[in-house]
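[1] show me the folded form of this:
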Amino acid sequence: FHWLFDVLPRIAIAEKKININNINYFSCPDLNKWQIRTLNLLGINSEKCLSSVKYRHIEANKIITTSHPYIRTHNVIKDIENLPIWISEWLRDKFLNTKSNKIFPKKIYIDRSDSQSNLKNFRYVVNEEELIDFLKKKGFSAIRLSDLNFEDEVKLFNEAETVVGLHGAGLSNLIWCNKNSKIIELKNKYTNKVFENLANQNKINYKSLQYEPKEKFVADHYGSIEVNL
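    Model (predicted):
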């Protein structure tokens, strides 16, 4: 989510003022292959990307930075729930034509068992195995997004008929969906409306199933849930 909506849009902002091809280096997080691919598709070579983990201090004759793409107040939750539409439009314009040639299921469940987050155990579906078995009987396939490259993800969501998933970064991909796609978000009842508002903004058919969290949680968007089949 943060790569798509916090980081890449900074390039869009910079593009309005300068030719990014003239930039010698980009200071980046410690990039994974998925992130590197998005930069390559924007015409930014990997050799130009300096890891801010490896290079802690940088000296330059000129440094260009941008304001945050959507944080405008001291209320981060309010701002993240109201993403400006230009970000979705820019992302779709840049990447929607990069779809792969692979064939994917039309009805998918986002399997988050591959999550690398250190907060993974604070948000999960208690009865996920039972849920997946139930959905498979309904024609769904469980997909781990880490098994896919970026182009695969774009096509998977763009051609999906129905996507079911727990609140999390994987649902950021709903911006690739077509107008006939259906998104069903599983969430605890206190979770923010970032994906609901993002879907509505992009005219994607959205519904949510909301549950009381099973235990105390570190923030409103965490807490395990049990899905009523």
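
[2] quick one: contacts for the residue of the chain most remote from its centre?
    When distances are taken from the C-alpha mean of the chain, Asn61 lies farthest, 34.3 Å away, according to C-alpha atoms, centre = their mean. Taking C-beta atoms under 8 Å, 6 or more residues apart in numbering, we find Asn61 in contact with no residue. The way it works is simple: take the backbone N, C-alpha and C, and place the C-beta from them, glycine included.

[3] where does it land on pLDDT?
    In the prediction, the pLDDT value recorded for Asn61 is 95.

[4] need the three-state assignment for Ala142.
    Secondary structure state of Ala142, per DSSP: H, G, I helix; E, B strand; the rest coil, is strand.

[5] phi, psi of the nearest residue to it once chain neighbours are set aside?
    Residue nearest to Ala142 in three dimensions, not counting chain neighbours: Asp111, with 4.3 Å by C-beta to C-beta, 6 or more residues apart in numbering. Note on Asp111: its backbone torsions stand at phi -90, psi 110 [degrees, to the nearest 10].

[6] and what of Val164?
    Per-residue torsions, Val164: phi -110, psi 130 (degrees, to the nearest 10).

[7] pLDDT score for it?
    The pLDDT attached to Val164 in the predicted structure is 98.

[8] doesn't Leu174 make contact with it?
    No: with contacts defined as C-beta atoms under 8 Å, Val164 does not count as touching Leu174, sitting 11.7 Å away.

[9] just the strands in the chain please.
    Using DSSP state E, the strands of the chain run over 26-28, 49-51, 107-110, 141-143, 162-166, 182-188, 205-211.

[10] which one of those strands has the most crowded surroundings?
    The highest mean neighbour count among the strands of the chain belongs to strand 162-166 (a mean of 23), with neighbours defined as mean count of other C-beta atoms under 10 Å.

[11] buried sites along stretch 29-39?
    Going by neighbour count (16 or more other C-beta atoms under 10 Å), the buried part of stretch 29-39 is 31, 35-39.

[12] now, which of those sits nearest Gly223?
    Closest approach to Gly223 among the buried residues of stretch 29-39 (C-beta to C-beta): Gln35, at 28.2 Å.

[13] does that closest one really touch His2, like I thought?
    No: with contact defined as C-beta under 8 Å, Gln35 does not count as touching His2 (10.6 Å).

[14] burial of the residue nearest to Ala142, as a residue count?
    For Asp111, the count of nearby residues is 19 (other C-beta atoms under 10 Å).

[15] who are the contact partners of Phe5?
    Neighbour list for Phe5: 69-70, 83, 87, 172 [criterion: C-beta under 8 Å, 6+ apart].

[16] among the residues you listed, which lie within helices?
    Among the contacts of Phe5, the members falling in helices are Ile87 (criterion: DSSP state H).

[17] pick the one among the contacts of Phe5 closest to Asp152.
    The nearest one, if we look at the contacts of Phe5 relative to Asp152 and count by C-beta to C-beta, is Ser172, at 14.9 Å.

[18] spit out the contact partners of that closest one.
    Taking C-beta under 8 Å, 6+ apart, one finds 1, 4-5, 195, 198 in contact with Ser172.

[19] next one: Lys48
    For Lys48, the set of contacting residues under the criterion of C-beta under 8 Å, 6+ apart consists of 23-26.
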